[in-house]
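Novice: coordinates for the following, if possible.
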Amino acid sequence: MRGVLALAALLAFSPLLAGCGLQPMYAGGGNAAVAQGLAAVDVPSIPGRAGWLMRNALTDRLGVAGAAAPRYRLDVRLDDSLEGLGVLGDDTISRERRILRARYQLVDITSDEILLDATDGADAGIDVVSSEYATIAAEQKALENLALEVADRMVTRVALTLRAREKGQSSE
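Specialist: A predicted model of the protein is given here:
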């Protein structure tokens, strides 16, 4: 009986879902306008180890549809910090927090128009153990993971911006 009710509800609401305007962002695969727009984003070098990791993560995600002539530039400034959280009775730190914040702008190269000005970030907790090597390795791994996470967020926002721009241009 529940299955029949669920099916009836699905059939009743399916016309509403079709009319809400939801559509896949990457409809059309690598030939989609959003994918082609992402492939046309150039990421200049970003200073520091965090910048190197971030640029690699961004270029991996942006270039999925292949290479294209640059139409956009993604300017990125990073703030990478490490702070002690847990302090033991002997004033040693037992836990750290690594924070990676990115301030970025998507710029149309032809007009120098800023299409997106945003900030994204993430943080990770790190246990400080008796082995200094293990702690340093954990700090570096946290930075690698944070760069991937922040890059994912940035690419999503850039894709949404390019999709909105494409819709705006196609409706004119």
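
Novice: what are the ranges of the strands in this structure?
Specialist: With strands called from DSSP state E, the chain shows them at 41-42, 72-87, 93-108, 114-127.

Novice: got CSV for those, with mean neighbour count, distance to residue 57 and mean pLDDT too?
Specialist: Every C-beta, even on glycine, is put in place using the N, C-alpha and C of the backbone. What follows is these, written out as CSV (neighbours: other Cβ atoms under 10 Å; distance: least, Cβ to Cβ, whole Å; pLDDT from 0 to 100):
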stretch, mean neighbour count, distance to residue 57, mean pLDDT
strand 41-42, 20, 13, 93
strand 72-87, 15, 11, 91
strand 93-108, 18, 11, 94
strand 114-127, 15, 12, 95
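
Novice: can you add distance to residue 157 and give the ones you listed back as CSV?
Specialist: CSV is the format used below for the strands of the chain (distance: least, Cβ to Cβ, whole Å):
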stretch, distance to residue 157
strand 41-42, 12
strand 72-87, 10
strand 93-108, 8
strand 114-127, 6
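
Novice: of all those, which one comes closest to residue 34?
Specialist: Residue 34 lies closest to strand 41-42 among these, at 11.1 Å (Cβ to Cβ).

Novice: avg pLDDT for stretch 156-163?
Specialist: In this model, stretch 156-163 has an average pLDDT of 92.

Novice: only alpha carbons, please: show that stretch as PDB.
Specialist: Output in PDB follows, covering the C-alpha atoms of stretch 156-163 (Å, rounded to 0.1, in the frame of the first residue of the first chain):
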ATOM      1  CA  THR A 156      31.500  25.300  -8.100                       C
ATOM      2  CA  ARG A 157      31.000  29.000  -7.600                       C
ATOM      3  CA  VAL A 158      32.900  29.800 -10.800                       C
ATOM      4  CA  ALA A 159      30.700  27.300 -12.700                       C
ATOM      5  CA  LEU A 160      27.500  28.900 -11.300                       C
ATOM      6  CA  THR A 161      28.800  32.300 -12.300                       C
ATOM      7  CA  LEU A 162      29.600  31.200 -15.900                       C
ATOM      8  CA  ARG A 163      26.300  29.400 -16.200                       C
END
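
Novice: would you mind pulling the contact partners of that stretch?
Specialist: By Cβ atoms under 8 Å, 6 or more residues apart in numbering, the surrounding residues in contact with stretch 156-163 are 25, 33-34, 37-38, 41, 62, 72, 74, 106, 115-116, 118, 120.

Novice: and the furthest pair within those?
Specialist: Pairwise distances across the contacts of stretch 156-163 peak at 23.2 Å for 33 and 120 (criterion: Cβ to Cβ).

Novice: circling back to that earlier point, make a markdown table out of the contacts of stretch 156-163 and add distance to residue 92.
Specialist: Converted to a markdown table, the contacts of stretch 156-163 look like this (distance: Cβ to Cβ, whole Å):
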| residue | distance to residue 92 |
| --- | --- |
| 25 | 48 |
| 33 | 54 |
| 34 | 49 |
| 37 | 50 |
| 38 | 46 |
| 41 | 44 |
| 62 | 42 |
| 72 | 47 |
| 74 | 41 |
| 106 | 44 |
| 115 | 47 |
| 116 | 43 |
| 118 | 38 |
| 120 | 33 |
